[in-house]
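Student: Predicted structure and sequence below. I'll ask about it afterward.
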Amino acid sequence: MPSKEPHCPLCGKPRDPDFKPFCSRGCRDRDLLGWFGETYRVPAHQAPDGTADDDRSDEG
């Protein structure tokens, strides 16, 4: 039966509790740089006029 040990989402090595959910500081920092560098993005719904849903004040 295969082990259910969790693995690092970036490199697949076994996780280290000190860097959960990653295996090392390197993978943790690489993931953080992905967010800073906009490699990862959270989808947002944007109206045709360029405003985000939360920015709209003309709706009652």
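Tutor: Cool, got the structure.

Student: in the protein, which segments are predicted with low confidence?
Tutor: Within the chain, the stretches with pLDDT under 70 are 1-3, 50, 52-60.

Student: which residues in the chain form helices?
Tutor: 25-36 (DSSP state H).

Student: wait, Arg15 sits on Cys23?
Tutor: Yes. Arg15 lies in contact with Cys23 (CB atoms under 8 Å); the separation is 5.7 Å. Any C-beta I mention is one placed from the backbone N, CA and C, and that applies to glycine too.

Student: Are there residues contacting both of these two? Which ones?
Tutor: Listed as contacting both Arg15 and Cys23 by CB atoms under 8 Å, 6 or more residues apart in numbering are His7, Cys8.

Student: Give me the more crowded residue out of those two.
Tutor: Shown here are Arg15 and Cys23; by other CB atoms under 10 Å, Cys23 has more neighbours (21 against 17).

Student: contacting residues for Arg30?
Tutor: Applying CB under 8 Å, 6+ apart to Arg30 gives the contacts Leu10.

Student: my bad, Asp16
Tutor: Asp16 is in contact with Phe22, Cys23, Ser24, counting by CB under 8 Å, 6+ apart.

Student: cool, and Arg15?
Tutor: Arg15 neighbours (CB under 8 Å, 6+ apart): Glu5, Pro6, His7, Cys8, Pro21, Phe22, Cys23.

Student: Look at the closest residue to Phe19 other than its chain neighbours and say how many residues are nearby.
Tutor: Distance criterion CB to CB, 6 or more residues apart in numbering; nearest residue to Phe19, sequence neighbours excluded, is Arg28 at 4.9 Å. Residues lying near Arg28 (other CB under 10 Å) number 18.

Student: correct me, but Arg28 touches Cys11?
Tutor: No. Between Arg28 and Cys11 there is no contact under CB under 8 Å: 11.2 Å.

Student: Quote the end-to-end distance of stretch 5-14.
Tutor: Stretch 5-14 has an end-to-end distance of 7 Å (criterion: CA to CA, to the nearest Å).

Student: Okay, buried residues for it please.
Tutor: Cys8, Leu10 (16 or more other CB atoms under 10 Å).
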